[in-house]
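K.L.:
One predicted model, sequence on top.
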Amino acid sequence: MNTFVRMRLSIAVLLIAVIGLTGCNEDSTAKVMAQKAMALESAEECHLCGMLITRFPGPKGQVYERGIKKNMKFCSTRDMFAYALDPEHKHNIQSVFVHDMAVNPWDEPSEETYIDGREAWFVIGSTKKGAMGPTLGSFKTKESAEAFAKEFGGELKRFEELTLDTI
């Protein structure tokens, strides 16, 4: 076999291997991009505490976890983080969604204002309460989070800075 034919055969084998491995990737970009926050129904219960989600004020959270097709919904960002940061679940979390409270009334967040929780700014320790008492205000921009903290107190944190101890 001449060098040119061997080179073409090697390239073909490599391409087939790459395509095959890409297809096996459980966290493919297309799958993660298809995940989105879903509307809350009035009778839905919090995945962590079982309380009715829509009966309480403050930002809510939604999570997609590897191996589970349905998203998990939470009555507060605090409950969502209590679940998502738990060592049993932390490494399986694929997508996180929270309300942008800069464009929502605190008592009734809108279904159209979910944002990517990994990109959000959070205010912990404010005087505003959620379903289980203290909760984390969630915001799309740092400026909105700073304005909220100035009015209601609290400290700004990014997603990756949050731990079970801080919430």
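P.N.:
The structure has been received and is ready for your questions.

K.L.:
Hmm, residue 166 is touching residue 123, no?
P.N.:
No: counting by CB atoms under 8 Å, residue 166 sits too far from residue 123 to count as a contact (11.8 Å). For glycine as for every other residue, the C-beta is placed from the backbone atoms N, C-alpha and C.

K.L.:
Which one's more surrounded, the two?
P.N.:
Relative neighbour count places residue 123 above the other of residue 166 and residue 123, with 26 against 14, counting by other CB atoms under 10 Å.

K.L.:
Make sure I have this right: the more buried one is in a strand.
P.N.:
Yes: when the secondary structure is assigned by DSSP: H, G, I helix; E, B strand; the rest coil, residue 123 falls within a strand.

K.L.:
and it, what is it in contact with?
P.N.:
136, 137, 139, 145, 148, 149, 152, 154, 155, 156, 157 (CB atoms under 8 Å, 6 or more residues apart in numbering).

K.L.:
Just the buried residues out of these, in PyMOL syntax.
P.N.:
A single PyMOL command suffices to select whichever of the contacts of residue 123 are buried according to 16 or more other CB atoms under 10 Å:
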select buried, resi 136+137+139+145+148+149+154+156+157
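
K.L.:
Sort out which of the contacts of residue 123 are in strands and list them.
P.N.:
Here DSSP state E is the test, and the contacts of residue 123 give 137, 139, 155, 156, 157 as lying in strands.

K.L.:
Show me the strands in this protein, by range?
P.N.:
Counting by DSSP E, the chain forms strands over residues 61-65, 72-74, 93-99, 114-116, 121-124, 129-130, 133-134, 137-139, 155-158, given from the N-terminal end onward.

K.L.:
just checking, residue 121 touches residue 161?
P.N.:
No: between residue 121 and residue 161 there is no contact, the gap being 10.3 Å when judged by CB under 8 Å.

K.L.:
Tell me which two of the ones in strands among the contacts of residue 123 sit farthest apart.
P.N.:
Farthest apart among these by CB to CB are 139 and 155. That separation is 13.1 Å.

K.L.:
What's opposite the residue nearest the centre of the chain in the beta bridge?
P.N.:
Averaging the C-alpha coordinates of the chain gives a centre point, and the residue nearest to it by CA atoms, centre = their mean is residue 96 (0.8 Å). Partner residues in beta bridges with residue 96, using DSSP bridges, are residue 63.
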